[in-house]
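> Quick one: sequence plus predicted model below, questions after.
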Amino acid sequence: MAIMLAVAIPAMSSTASAQARGYYGNDGRYYSYDQNYGYNQPTVYDRHRKAINIGVATGAGALIGALIGGRKGALIGAAAGVAGGYIVTKKQRPRNYTYYR
């Protein structure tokens, strides 16, 4: 038990003493890199929302088709899932109104 504490306490104290870092911009203001750095960047889902939605619809259609009609039903269900996912994705309102270059 004492050995575990001897190893764990220095490891915990080294991570707890992290310094805040930052930089001075051209305007003379100090900008810090904190935990919220990059909070305004889009998430993975926001960046690939169309592909994820169509993929999930395809998988769901294939699963339901396979349960109902076997291998042929899975192919038909996947095709129906792609079509349904595409239609739903096209009707969705865009989330990000700022365009990233």
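Yep, it's here. Residues are numbered from 1 along each chain as shown.
> top helix in this protein by residue count?
If you go by DSSP state H, the chain has its longest helix at helix 49-91.
> What are the buried residues along stretch 57-67?
57, 58, 60, 61, 62, 64, 65, 66 (16 or more other CB atoms under 10 Å). C-betas here are computed from N, CA, C, even on glycine.
> Next one: residue 46 from residue 79, what distance?
Distance of residue 46 to residue 79, computed by CB to CB, to the nearest Å: 27 Å.
> Please apply the same query to residue 71.
Applying CB to CB to residue 71 and residue 79 gives a distance of 13 Å.
> now do residue 49
Counting by CB to CB, the gap from residue 49 to residue 79 is 22 Å.
> Those two: which is more packed in?
Using other CB atoms under 10 Å, the more surrounded residue of residue 49 and residue 79 is residue 49, with 17 against 14.
> Which pLDDT value goes with that one?
If you check residue 49, the pLDDT there is 87.
> ok, then the element right after the lowest-mean-pLDDT helix or strand in the chain?
For the chain, using mean pLDDT, DSSP states H and E, the weakest element among its helices and strands is helix 2-16, scoring a mean of 51. Following helix 2-16 in sequence order, the next helix or strand is strand 21-24 (DSSP states H and E).
> Kindly indicate whether residue 94 is helix, strand or coil.
Assigned state for residue 94: coil (three-state reduction, DSSP: H, G, I helix; E, B strand; the rest coil).
> roughly how far apart are it and residue 63?
Taken as CB to CB, the span from residue 94 to residue 63 is 29 Å.
> for this structure, what are the low-confidence residue spans?
Applying pLDDT under 70 to the chain flags the ranges 1-20, 33-40, 95-101.
> how about a cut-off of 90?
1-50, 69, 89-101 (pLDDT under 90).
> Pretty sure residue 45 sits against residue 52.
Yes. Judged on CB atoms under 8 Å, residue 45 makes contact with residue 52 at a distance of 6.2 Å.
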